[in-house]
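Student: sequence first, then the predicted structure:
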Amino acid sequence: MRSSFLIGAMAMLPVCVAAQEPLSAIDWLSQSVRENSVLTRPTDAFEDNAPVSEGVNTDEIVVTPLDQIKKDAVGLLPASVSGLPPGFWGDTPGPVLQELIAQQSTDSLPEIQRLLYTILLAELDAPISLGSGSDVLLARIDKLLDLGALEQAQALLERAGPTEAEIFRRWFDVSLLTGREDFACKAMAAAPGFAPTLQARVFCLARNGDWNAAALTLATGESLGFITQDEADLLAWFLDPGLFEDHPDLPQPARLTPLVFTMREAIAQPRPTGQLPRAFLFADLRPSSAWRGQIVAAERLVRAGAIETGTLIHLYTAKKPAASGGVWDRAEAIQAFDVALLSGDTAMIGNTLKPAFLAMETVKLEVPFARMFGDRLVGLDLPAGQRDIGLTISLLSDGYETAPRLFEPETDTELFVLGLAQGRLGGKEPPKGALGAAISDAFRKPLPSGQMFDLLQQNRLGEAVLRAMLLLQNEAQADPGDIQTALATFRAVGLEEEARRVAIQLILLERRG
């Protein structure tokens, strides 16, 4: 039995050698699987046995069977939900879209971030592509992973189906990071179209309870040079932690991947210094993690739009802070505000509202806070000293259009912002300075001639929107001309509400630079 397994393991080694070549996806993905070179197309386990024409292979012609749906068209949000037309990508080539999606910021204005999620998750007609028809899908998934949006990425991957090695590889890693490693390993074993690397095979054999086969595969790979010394040390420790009880900690990995991270967490090895990629933070949301770690992880993920704000509020209010400063001050402020809301005491709400909002401001969570609590503050007779905070929260919430009915403007800036909320700027003076002038011009003048105008004329709507989003990466510190062009572009393509909310956030959140 051991001999037959050794033969099987050695038969896989050439595949594993190829898997060590650099890959073009985000640099922390595990090199866990590779499409089996023996197979010319996905196995019956993943498709409906539809007949596939071989077509004619030339440099000029690409043949796609009519019964195949390009994965680039897969999404979670139908047009009725996303509000984007099916032909959003228009005539823009897929490689251009890949690059523009990769360039999108993961720490932009909240409304730009929300628009990015809509684009990443929308069902849209596949763009022009000369490749596999899944390159733009992979770019969308990689951006979701950069944002830490594991649940959204996993749903999109499963909707697309793991019929290609690069899709399966991402699904495998997401499953590791969400604590579904046993399911991932069983799926890998049931997918003969993909050959696991030796490192992934050792891990999965161990997770499936075949410790002897895992140890034999490790020894074979190490002796033949297909598993490095550092990898072998980690795998050996993972297979039998008891042998290393008195050993010093393993050195920090040169490249932290979900596979390496999962094994190191399992054997309680220290994490690398500095901030982890957001996708790795899901491990800290588990109940077994320290309370402080849960809160810090949730703050980063909520700021990126990856998880619901309610998750963070639940964590803030889970226990009584045992210390002060930083995280604990924020938890204490939110707890006091939450108790006030539950009591319904307007005076208590007024006294706790400002400290809670300012606490959220320190971690750039004003908009999630406003969206969470804005509706519950509507109509409350807040003390005079809380009026400005109440107005700001109302304008940053999803009910921003009701603010003009609740607050009488006291300054020209307030009059202008309340006009933005209603889409009525006639006769209202913008805030002094270049930012106010740029916003005013965007809503009072048509889209000027230039790149964005040309893109819309060329049926490249999606490209124009993505480029407009990039113009706002520096938020209120962006070039005023870029701000005007971006907002005017949104309005020209029908994203009027998004343009208004972005403009309001540019004015109210002008805090950086």
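Tutor: Sure thing, it's come through.

Student: how deep is the closest residue to Q98 other than its chain neighbours tucked in, by neighbour count?
Tutor: Take Q98 and drop its neighbours on the chain: the residue closest to it by Cβ to Cβ, 6 or more residues apart in numbering is A139, 4.2 Å away. All C-beta spots, glycine's among them, are computed from the backbone N, C-alpha and C. The tally of other residues near A139 (other Cβ atoms under 10 Å) stands at 23.

Student: and A139, how far from E151?
Tutor: As judged by Cβ to Cβ, to the nearest Å, A139 and E151 stand 19 Å apart.

Student: thinking again about what came up before, list the contacts for the residue nearest to Q98?
Tutor: 97-98, 101-102 (Cβ atoms under 8 Å, 6 or more residues apart in numbering).

Student: repeat that for P162.
Tutor: P162 touches 46, 168, 171, 187, 191, counting by Cβ under 8 Å, 6+ apart.

Student: and it, its phi and psi?
Tutor: Main-chain dihedrals, P162, degrees, to the nearest 10: phi -80, psi 60.

Student: cool, A195 as well?
Tutor: According to degrees, to the nearest 10, A195 has phi -100, psi 120.

Student: who's it bridged to?
Tutor: Legend: beta-bridge partners of A195 under DSSP bridges are R34.

Student: how about S289: what's its closest non-neighbour residue?
Tutor: Using Cβ to Cβ, 6+ apart, the nearest residue to S289 is A283, at 7.1 Å.

Student: A helix includes that neighbour, no?
Tutor: Yes: counting by DSSP: H, G, I helix; E, B strand; the rest coil, A283 is part of a helix.

Student: so where is the stretch 401-513 of the chain shaky, pLDDT-wise?
Tutor: The stretch 401-513 of the chain contains residues with pLDDT under 70 at 511-513.

Student: quick one: contacts for P321?
Tutor: Contacts of P321 (Cβ under 8 Å, 6+ apart): 328-329, 331-332, 335.

Student: which among those end up buried?
Tutor: Buried by 16 or more other Cβ atoms under 10 Å: 328, 331-332, 335, out of the contacts of P321.

Student: could these go into a markdown table alongside secondary structure, distance to D249 and pLDDT?
Tutor: Below are the buried ones among the contacts of P321 laid out as a markdown table (DSSP: H, G, I helix; E, B strand; the rest coil; distance: Cβ to Cβ, whole Å; pLDDT from 0 to 100):
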| residue | secondary structure | distance to D249 | pLDDT |
| --- | --- | --- | --- |
| W328 | helix | 29 | 97 |
| A331 | helix | 31 | 97 |
| E332 | helix | 35 | 97 |
| Q335 | helix | 37 | 97 |
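
Student: of those residues, closest to I349?
Tutor: Among the buried ones among the contacts of P321, Q335 lies closest to I349 (Cβ to Cβ), at 13.6 Å.

Student: which residue packs closest to I483, ignoring adjacent ones?
Tutor: Going by Cβ to Cβ, 6+ apart, I483 has A438 as its nearest residue, at 4.3 Å.

Student: export only the CA atoms of the helix or strand containing that neighbour, formatted as PDB.
Tutor: A438 is located in helix 434-444, with elements delineated by DSSP states H and E. Only the C-alpha atoms of helix 434-444 are listed here, as PDB (Å, rounded to 0.1, in the frame of the first residue of the first chain):
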ATOM      1  CA  ALA A 434     -11.700  75.100  -5.600                       C
ATOM      2  CA  LEU A 435     -13.600  72.100  -4.300                       C
ATOM      3  CA  GLY A 436     -16.900  73.900  -4.100                       C
ATOM      4  CA  ALA A 437     -16.500  75.500  -7.500                       C
ATOM      5  CA  ALA A 438     -15.700  72.100  -9.100                       C
ATOM      6  CA  ILE A 439     -18.700  70.400  -7.600                       C
ATOM      7  CA  SER A 440     -21.000  73.400  -8.600                       C
ATOM      8  CA  ASP A 441     -19.700  73.200 -12.200                       C
ATOM      9  CA  ALA A 442     -20.300  69.500 -12.300                       C
ATOM     10  CA  PHE A 443     -24.000  69.900 -11.500                       C
ATOM     11  CA  ARG A 444     -24.500  73.100 -13.600                       C
END
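
Student: and the contacts of that helix?
Tutor: 413, 416, 420, 425, 430, 476, 480-481, 483-488, 491, 499, 503, 506-507, 510.

Student: please flag which of those sit within helices.
Tutor: Mapping the contacts of helix 434-444 onto helices (DSSP state H) picks out 413, 416, 420, 480-481, 483-488, 491, 499, 503, 506-507.

Student: what's the most distant pair in these?
Tutor: T413 and T485 (22.9 Å).

Student: more neighbours: these two, which one.
Tutor: Of the pair T413 and T485, T485 is the one with more neighbours under other Cβ under 10 Å, namely 24 against 17.

Student: mind listing what the more buried one touches?
Tutor: Here T485 is in contact with 442, 447-448, 450, 452, 468, 471 (Cβ under 8 Å, 6+ apart).
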